[in-house]
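Engineer: Below are the sequence and a predicted model; questions follow.
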Amino acid sequence: MITLLLLIPIIGSLLILPIQNDSIQSQVKMRQIALTTSVINFFVSLFIWYQFDSSTTQYQFVSEFNQLSLFHLNFGIDGISIYFVLLTTFVTPIALLSNYANITKNLKFFLVSFLILETLQICAFVALDLLLFYIFFESVLPILFIVIVIFGHGPDRFRSAFLFFLYTLAGSLPMLLCILSISSYIGSTDFQLISLYEISLQSQKILWLGFFLAFAVKTPLYPFIIWLPKAHADSPLAGSIILAATILKLATYGYLRVLINFLPDATNYFNPLVQTIAVIAIIYASFSTIIQQDTKRLIAYSSIAHMGVVVLGLFSNTIQGIEGAILLALAHGFVSPALFICVGGIIYDRTGKRIINYIRGLATYMPVFTILFLVFTLCNTGIPLSLNFLGEQLSLIGIWQQNPIIAILGATGILLSACYSLFLYNRLSYGNLSPSLPPVKDINRREYYLLLSLLIPTVAFGILPNVLLSSLHTSVSALLYTL
């Protein structure tokens, strides 16, 4: 089943490549192939979830490829990785639909890039080998770099693309050195073999720092945050959606799979350091968000604050905290893309502007959009009945059991998120219509279904969280108590 999950986007790409990009009909055909391929892959992932046995901690649907001389490809899914795979397959068709009409030049390259990105991300989440994880962890960089350069907005997109590429590449080099060290010491980079070896605390500390630097840049945590707002602001809408929904979750998965799983003693030793850095990131990013004037930059900075809460939950050393962090990561994967669609898609397509001072009074002409925008704004603040609320509460409850002061400081992010989220909504939606804007149309059917598809899981899982928690509980408990 995993093999099918990885091959379907590749097959879609191969079907698109022979089509000539010289007419409207051929462009429509390419879009339909890409969208159909990504939707089929989503249904395949749902079938895997349906067949998944949540009562065991073993890897399931394991696929091995020994034909290659360089690598022993080994893939499998457990109770943690299944939800990141589902998030990837769910978000990819939404990303393709978000730029469905407004990208016509180099359309073939655009569609193929996002289909290949889907495969590479799934490979990173299901790889059962540390070296393979690193390869797929880094392989998304050149594709996103080219996407930002070719399809991004404004002359500053080149600098944003280079910042994104160089920051994340440089941050990941220590991880590669640590993987080579583990390989030379153990003789393998297979996950299950690494888990059987006892690594001394001193060695764990050195390895932990190398891995943590790579994941901290990708999260991002303070002070490695400068690349994210720039990358979001200058990338196309589909790029912002993928970046917010799944690329940032590679680091979340890395914390769980590598640091907490293989280096538990060093993780426990460095917990106070990580919690301090996460709190600084939450407060710094929240205050930075409030003063932003560019709507996409504002949502990007809010992502940094929310990911800080995720890191607090992950390093709380409690079941509640880790499960809450995973729920909040999934909720962020739904709500943040929806907000990017609102400000970087719907509003920007109609007005050509992202500066808040030039956009005002949208409720006059866009009542349906204003209602949906309000709902997602409230979800972003962590309102009850949303998945964000459960994720934040469980994360903070988990960290409270370890350090109440850190929990109180982390909870300031909830108050500050309400400040900047409602402040943004109020400035854009109400007041007299800005004289610099012409009358604008309300959302169309495609935009409505895009936002609705992101709203349904946010609310449904917020009301029925046990659908997720039931299969998470066994894997998270084993992560903490069998070590």
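Structural biologist: Everything's here; your move. None of the values given here were measured: they were computed from a predicted structure.

Engineer: Check which helices and strands the longest helix along the chain is in contact with.
Structural biologist: Longest helix in the chain, counting residues (DSSP state H): helix 157-186. Other elements packing on helix 157-186 under the criterion 3 or more CB pairs under 8 Å, 6 or more residues apart in numbering; DSSP states H and E are helix 130-151, helix 191-196, helix 201-218, helix 227-234. C-beta coordinates here come from the backbone N, C-alpha and C atoms, glycine included.

Engineer: What are the buried residues along the second one?
Structural biologist: Within helix 191-196, the residues that qualify as buried by neighbour count (16 or more other CB atoms under 10 Å) are 191, 194.

Engineer: Use 149 as the first number for this chain going forward.
Structural biologist: Got it, the first residue is 149 from now on, which makes the last one we talked about helix 339-344.

Engineer: follow-up on the earlier one: which of the helices and strands packed on helix 305-334 is buried the deepest?
Structural biologist: Comparing these by mean neighbour count (mean count of other CB atoms under 10 Å), helix 375-382 comes out on top with a mean of 25.

Engineer: tell me the mean pLDDT over the next helix or strand after that helix?
Structural biologist: Using DSSP states H and E, the helix or strand that follows helix 375-382 in sequence is helix 385-390. Helix 385-390 comes out with an average pLDDT of 89.

Engineer: Ok, stretch 470-489 next?
Structural biologist: For stretch 470-489, the mean confidence score works out to 92.

Engineer: Isn't residue 330 up against residue 355?
Structural biologist: Yes. Using CB atoms under 8 Å, residue 330 makes contact with residue 355 at a distance of 6.9 Å.

Engineer: Just read off the phi/psi values of residue 592.
Structural biologist: When read as degrees, to the nearest 10, the backbone of residue 592 gives phi -90, psi -180.

Engineer: what's the angle from the longest helix of the chain to helix 375-382?
Structural biologist: Orientation note: helix 305-334 sits at an angle of 140 degrees relative to helix 375-382 (axes from the mean of the first three to the mean of the last three CA atoms, to 10 degrees).

Engineer: What residues sit buried inside helix 305-334?
Structural biologist: So, applying 16+ other CB under 10 Å, buried residues of helix 305-334: 305, 308-309, 311-313, 315-316, 319-320, 322-324, 326-327, 330.

Engineer: Residue 443 is in contact with residue 504, correct?
Structural biologist: Yes. Here residue 504 reaches residue 443: they are 6.3 Å apart, a contact under CB under 8 Å.

Engineer: Could you pull out the buried residues of stretch 499-517?
Structural biologist: For stretch 499-517, the neighbour count (16+ other CB under 10 Å) marks 499, 501-502, 504, 507-511, 513-514, 517 as buried.

Engineer: right, I mislabeled it, should have said stretch 171-184
Structural biologist: 175, 178-179, 181-183.

Engineer: JSON lines for those residues, including pLDDT, secondary structure and distance to residue 199?
Structural biologist: Formatted as JSON lines, the buried residues of stretch 171-184 follow (pLDDT from 0 to 100; DSSP: H, G, I helix; E, B strand; the rest coil; distance: CB to CB, whole Å):
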{"residue": "175", "pLDDT": "81", "secondary structure": "helix", "distance to residue 199": "37"}
{"residue": "178", "pLDDT": "85", "secondary structure": "helix", "distance to residue 199": "32"}
{"residue": "179", "pLDDT": "86", "secondary structure": "helix", "distance to residue 199": "31"}
{"residue": "181", "pLDDT": "88", "secondary structure": "helix", "distance to residue 199": "27"}
{"residue": "182", "pLDDT": "88", "secondary structure": "helix", "distance to residue 199": "26"}
{"residue": "183", "pLDDT": "90", "secondary structure": "helix", "distance to residue 199": "25"}
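
Engineer: Just the closest of the residues you listed to residue 289, please.
Structural biologist: Of all these, residue 182 has the smallest distance to residue 289: 21.7 Å, by CB to CB.

Engineer: how about the helices in the stretch 449-598 of the chain?
Structural biologist: 467-488, 496-499, 515-528, 535-548, 552-577, 593-611 (DSSP state H, counting those that start in this stretch).

Engineer: about what we covered before: return the closest of the buried residues of helix 305-334 with respect to residue 281.
Structural biologist: Distances from residue 281 to the buried residues of helix 305-334, taken by CB to CB, are shortest for residue 327, at 8.5 Å.

Engineer: ok, and the closest non-adjacent residue to that closest one?
Structural biologist: Setting aside the residues directly before and after it, residue 327 is nearest to residue 278 in space (CB to CB, 6 or more residues apart in numbering), at 5.1 Å.
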